[in-house]
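**Student:** build me a model:
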Amino acid sequence: MAVENRRLSREGARLDVKAHSDPLTGLMNRVAFNNVLAERSRDHVQGELAILFFDLNRFKEINDSLGHTVGDLLLGQVALCLTENLPGAVSVARMGGDEFAAILPVTREVTPEACATAIAESLKQPFLLEGQLVQTGTAIGIAYGNLAYDDGDDLLKRADLAMYEAKSAGINTYRVFDDVMEERMSSRVAIRSELSKAMQENELSLHFQPLVSARTGELRSVEALLRWKSPRLGNVSPGVLVPIAEESGQIIELSNWVIDRALEAAAVLGDVPVGINISPLHFRHSQFAQMIADKMLAAKVKPSSLYIEITEGVLISHMEAAKRTISQLRNLGIKVYLDDFGTGYSSLSYLQNFEFDGMKIDKSFLRNLDQRQQATQIMRSVIDLGHSLDLQVVAEGVETDWQARLLQLLNCDLLQGFHFATPMPLEDVIAFRAANDPAAIDAAPVERRMAV
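**Tutor:** Reported below is the predicted structural model:
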């Protein structure tokens, strides 16, 4: 009986280790790491510590191009680098994918910043894996605290946020969570908690920015743009709101709200198509095209009344799924445009590998259009490229009459920008259409035509 009990005890211990360790790296897994944090918080363990959160650069690209074997070997090397450069760490864990974390007591001899610098320098060097040199790097977030009074989960979130700050600052760097990030985190929490209420209480709205014919100035379509004027938070920019909604899992609900309102506008505008921007997280949903078709049927809107703009973020991963969805949308009669052309890493590759109906040239191409001949030649080449692929070409960010006239001479199809109109409510779009209808202008008295 005693022998059997010892055997069962050893087996239980082995299973416990297996359940709490990462099989690829031998480090703790997320569950074990969170357990350590929770235990130390519960026991009010004294002493200043830092949580470090790591994210690798280019891991998905390495995995996809060189294979999962190389990717797994790289994770093992990263784990070795972390353990070697984090002396005295309470725990080092692979949190999942290409993310790692560590709990490091702070001493005079060992500072988190010094450890982060050493790790970043180490991961700069290429690894020889399966006969291939593999280059990666890392972004590191650091959050200081004391588990005698700080919550472990909160510290981990702070380190995670600091890591994103590091990631936006460049490769192989670190950032320490500070008061500015604290304020930003509080703002993100407030936005998440207010968003669902905002959709229910009609605090959100859509404004529409016209796209006009470069040749005639006639309204051809509008782009739907999200606006949120919160009585509690003030004006919340879509550039702030959308990433938070993606992170919190609210993006599908938000996207559905936008699509429904855009279809309502399309029903009113009739022959003026409405364009919508789609989050990569929503676009990757396997039933996305079917959902759009169902919503159009319910709204009694023709497929030609809607078009969809997608950015590199939609295409950069899950390429085959993206191809399928684009094909399904186009088969339904819904046009698909490549947005922000020229800002991504592989814009030309996307034109080669995906079927689009149009492309929107990013406003950055217009910055030197009236100052440098080279900029004009590049714009001409991009427009000609689009036309050679049977794409409708749109220039975004047109702000001056000179830009508009030059783009007309370069044979651009549609123009969008503050020179023509800022985003506006639906009722103003109707007035704008009437004012820019060539037939209406030709039939108007001379005085009114001059005013237009």
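
**Student:** every contact and neighbour count from this point should use C-alpha atoms.
**Tutor:** OK.

**Student:** helix or strand next in line after the helix ranked longest in the chain, which one?
**Tutor:** Ranked by number of residues, the top helix in the chain under DSSP state H is helix 179-200. Following the chain from helix 179-200 toward its C-terminal end, the next helix or strand by DSSP states H and E is strand 204-213.

**Student:** so how far is E218 from the residue nearest to N368 when sequence neighbours are not counted?
**Tutor:** Nearest residue to N368 in three dimensions, chain neighbours excluded: A375, at 6.0 Å (CA to CA, 6 or more residues apart in numbering). For A375, the distance to E218 under the criterion CA to CA, to the nearest Å works out to 27 Å.

**Student:** which element is the residue nearest to N368 on?
**Tutor:** Under the criterion of DSSP H and E, A375 resides in helix 373-388.

**Student:** what packs against that helix?
**Tutor:** Packing partners of helix 373-388 (3 or more CA pairs under 8 Å, 6 or more residues apart in numbering; DSSP states H and E): strand 392-395.

**Student:** contacts for whichever helix or strand comes after the strand it packs on, please.
**Tutor:** Reading on from strand 392-395 to the C-terminus, the next helix or strand found by DSSP H and E is helix 401-409. For helix 401-409, contacts defined as CA atoms under 8 Å, 6 or more residues apart in numbering pick out 214-215, 366, 369-370, 395, 398, 415, 419.

**Student:** how about low-confidence regions in this protein?
**Tutor:** 1-19, 316-317, 344-346, 370-371, 438-452 (pLDDT under 70).

**Student:** what are the boundaries of the helices in the stretch 51-200 of the chain?
**Tutor:** Residue ranges of the helices in the stretch 51-200 of the chain, as given by DSSP state H, counting those that start in this stretch, are 59-66, 68-85, 112-124, 152-169, 179-200.

**Student:** can you pull the contacts of F33?
**Tutor:** For F33, the set of contacting residues under the criterion of CA under 8 Å, 6+ apart consists of 91-93.

**Student:** one more time with 6 Å, if that's ok
**Tutor:** Neighbouring residues of F33 by CA atoms under 6 Å, 6 or more residues apart in numbering: there are none.

**Student:** that one is in what secondary structure piece?
**Tutor:** helix 30-42.

**Student:** okay, buried residues for that helix please.
**Tutor:** Residues of helix 30-42 classed as buried under the neighbour-count rule (16 or more other CA atoms under 10 Å) are 30, 32-34, 36-38, 40-41.

**Student:** so the residue nearest to N368 touches L369, yeah?
**Tutor:** Yes. Counting by CA atoms under 6 Å, A375 sits close enough to L369 to count as a contact (5.3 Å).

**Student:** so which of these two has more stuff around it?
**Tutor:** Taking other CA atoms under 10 Å, A375 and L369 do not tie; L369 has more neighbours (19 against 16).

**Student:** quick check: the more buried one vs W402, distance?
**Tutor:** Applying CA to CA to L369 and W402 gives a distance of 9 Å.

**Student:** kindly report the same for F283.
**Tutor:** In this structure, F283 and W402 are separated by 37 Å, where distance is defined by CA to CA.
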